[in-house]
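> below: sequence and its predicted model.
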Amino acid sequence: MIKVVKFGGSSLASAEQFRKVRDILLADKKRRYVVPSAPGKRHKSDTKVTDMLYECYALAEAGEEFKPLLRKIRARYNEIISGLKMNLSLDDEFKEIEEQFRGKAGVDYAASRGEYLNGILMSHFIGYEFIDAKEVIRFDSEGNFDAETTNDILKERLKKTERAVIPGFYGATADGRVKTFSRGGSDITGSIVAKACKADLYENWTDVSGFLIADPRIIKNPKGIKVITYRELRELSYMGATVLHEDAIFPVRKEGIPINIKNTNAPEDSGTFIVESTCQKPEFTITGIAGKQGFVAVNIEKDMMNSEIGFGRKVLAAFEENQISFEHVPSGIDTFTVFVHQEEFEGKEQSVLSAIHRLAEPDSIDLEADLSLIAVVGRGMKSTRGTAGRIFSALAHANVNVKMIDQGSSELNVIIGVSNDDFEQAIKAIYDIFVVTRL
Ligand code: ASP
């Protein structure tokens, strides 16, 4: 049995955190391949090493003095090394990095050094082999991740290696140019490694004990989610619940490898399991609630719209012309509403309205701003009657006016539109009815 373990930046921010990580690895011999992030924040107002590297490289690129900042970055690693009483010097590495910065080696190279150095440090500390991600994670000449080649190379490499540290976040093109994934991309590396060695489990260690049913900034001490399916997670993260990089799901999902989100600071917590499918009954009817604020509803009216072929297409073409994506399009007999992001829409509003008039010739258009969308997600809703009824009676009791309802045919989620002012109240009411009262 093989487990791939990825540790996030806050799990590796200090010597103390590194010790916790070593204990976690020692506690289970199956944890054979380790993917570290760069050192993250030690406390709230701290700066992540990756952010320091971006800043440092920007100075180098502008021809400004970057050495003092590079020294500060080196101090971050040295603090960990001395805290762990290790006999390791990264001086040669930093000399090389300085030279590469002077030679303008590229922003991706610069950002990747956080994980690279942390990987070397960790491999020395725990005695696992170091595999530079540059050798095994492949990008094509256009800079896109090359999943197939990577899998071939990595599979072979891991066959020969019992235990290894593979830094997250970056790889390289065939001619050796370093490329990074988008921010938070070490999660993706972990998933790629899990796929290549056909791991039984991908453990993703962070600073929370998995996903919560609702945002803790809105609900005090919300309950955790024990098991969530990939599809449920997709619905929730689309709505803003983020713990894991979205692209980290694809490699393991295809192989049927579950992901376990775990807490480095509370390893005894079981965390959240993300799985392809499960017959385990969810603890509550709903799995999670997530929401986003800041939407505009564009309400379009036209008599006899229902019998006009192509009306919806013409309206949506007006949004396409203006490069605006839409979120939802609930419609009635003579009405058609398009939900868009307020931020994206505001600057282009008049141009969209005139395009709708030109293309679709409506009777009237009316705009409603400052709206929120809330997604109530759960595989358990399919087999439970009256879920929608309970949601709406809870909202009515909480005095929340529902402006839009959308239930996908999968019965996996119900999306509700409310005014921004009612956003928190609505989430509290829904959490209360399903989780606190357990209806
Ligand atoms: N260190 C990178 C970042 O801060 C990647 C990661 O931590 O996953 O985005």
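Structure received.
> the helix or strand harbouring Val4: how far from the chain's middle?
Assigned by DSSP states H and E, Val4 belongs to strand 3-7. In terms of Cα atoms, centre = their mean, to the nearest Å, the centre of strand 3-7 is found 17 Å from the chain centre.
> what does stretch 370-386 give?
With Cα atoms, centre = their mean, you get 21 Å for stretch 370-386.
> again with stretch 228-241
Counting by Cα atoms, centre = their mean, stretch 228-241 comes out at 10 Å from the chain centroid.
> who's in contact with that stretch?
211, 215, 244, 246, 249, 253, 272-278, 287-288, 290-292, 373-375, 377-379, 410, 412-413 (Cβ atoms under 8 Å, 6 or more residues apart in numbering). C-beta coordinates here come from the backbone N, C-alpha and C atoms, glycine included.
> so which of those belong to strands?
Here DSSP state E is the test, and these give 272-275, 288, 290-292, 373-375, 377, 413 as lying in strands.
> the strand holding Val4 - what's its average pLDDT?
Strand 3-7 comes out with an average pLDDT of 98.
> each with direction, which strands does it pair with?
According to DSSP bridges, strand 3-7 has the following sheet partners: strand 31-36 (parallel), strand 201-206 (parallel).
> using CSV, list the CA coordinates for stretch 61-72.
Only the C-alpha atoms of stretch 61-72 are listed here, as CSV (Å, rounded to 0.1, in the frame of the first residue of the first chain):
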residue,chain,number,x,y,z
GLU,A,61,14.0,42.1,-13.5
ALA,A,62,13.7,45.9,-13.1
GLY,A,63,17.5,46.0,-12.5
GLU,A,64,17.1,47.1,-8.9
GLU,A,65,18.9,45.8,-5.8
PHE,A,66,17.4,42.4,-4.9
LYS,A,67,20.1,40.9,-2.7
PRO,A,68,18.7,42.2,0.6
LEU,A,69,15.4,40.5,0.0
LEU,A,70,17.1,37.3,-1.2
ARG,A,71,19.1,37.3,2.1
LYS,A,72,15.8,37.5,3.9
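> which residues does that stretch contact?
52, 55-57, 59-60, 94, 97-98, 101, 104, 107.
> that older thread, between which two of the ones in strands among the contacts of stretch 228-241 is the distance greatest?
Phe273 and Leu373 (27.2 Å; Cβ to Cβ).
> tell me which of those two has more neighbours.
Leu373 (23 against 18; other Cβ atoms under 10 Å).
> distance of the more buried one from the ligand?
For Leu373, the distance to the ligand (Cβ to the nearest ligand atom, to the nearest Å) stands at 27 Å.
> give me the contacts around the strand holding Val4.
By Cβ under 8 Å, 6+ apart, strand 3-7 touches 21, 24-25, 28, 30-37, 168, 186-187, 189-190, 193-194, 197, 199-205, 264.
> turn the contacts of stretch 61-72 into JSON lines, including distance to the ligand, pLDDT and secondary structure.
Compiled in JSON lines, the contacts of stretch 61-72 are given as follows (distance: Cβ to the nearest ligand atom, whole Å; pLDDT from 0 to 100; DSSP: H, G, I helix; E, B strand; the rest coil):
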{"residue": "Met52", "distance to the ligand": "10", "pLDDT": "98", "secondary structure": "helix"}
{"residue": "Glu55", "distance to the ligand": "13", "pLDDT": "98", "secondary structure": "helix"}
{"residue": "Cys56", "distance to the ligand": "14", "pLDDT": "98", "secondary structure": "helix"}
{"residue": "Tyr57", "distance to the ligand": "14", "pLDDT": "98", "secondary structure": "helix"}
{"residue": "Leu59", "distance to the ligand": "19", "pLDDT": "98", "secondary structure": "helix"}
{"residue": "Ala60", "distance to the ligand": "19", "pLDDT": "97", "secondary structure": "helix"}
{"residue": "Phe94", "distance to the ligand": "18", "pLDDT": "98", "secondary structure": "helix"}
{"residue": "Ile97", "distance to the ligand": "16", "pLDDT": "98", "secondary structure": "helix"}
{"residue": "Glu98", "distance to the ligand": "20", "pLDDT": "98", "secondary structure": "helix"}
{"residue": "Phe101", "distance to the ligand": "18", "pLDDT": "98", "secondary structure": "helix"}
{"residue": "Lys104", "distance to the ligand": "21", "pLDDT": "95", "secondary structure": "coil"}
{"residue": "Val107", "distance to the ligand": "13", "pLDDT": "98", "secondary structure": "helix"}
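> which of the residues in stretch 34-51 are buried?
34-40, 42, 48-51 (16 or more other Cβ atoms under 10 Å).
> so which of those residues are also by the ligand?
Filtering the buried residues of stretch 34-51 for proximity to the ligand by Cβ under 6 Å from any ligand atom leaves 37-38, 48, 50.
> can you lay out those as CSV showing secondary structure, distance to Thr229 and pLDDT?
Putting those into CSV (DSSP: H, G, I helix; E, B strand; the rest coil; distance: Cβ to Cβ, whole Å; pLDDT from 0 to 100) gives the following:
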residue, secondary structure, distance to Thr229, pLDDT
Ser37, coil, 26, 98
Ala38, coil, 31, 98
Lys48, coil, 31, 98
Thr50, helix, 31, 98
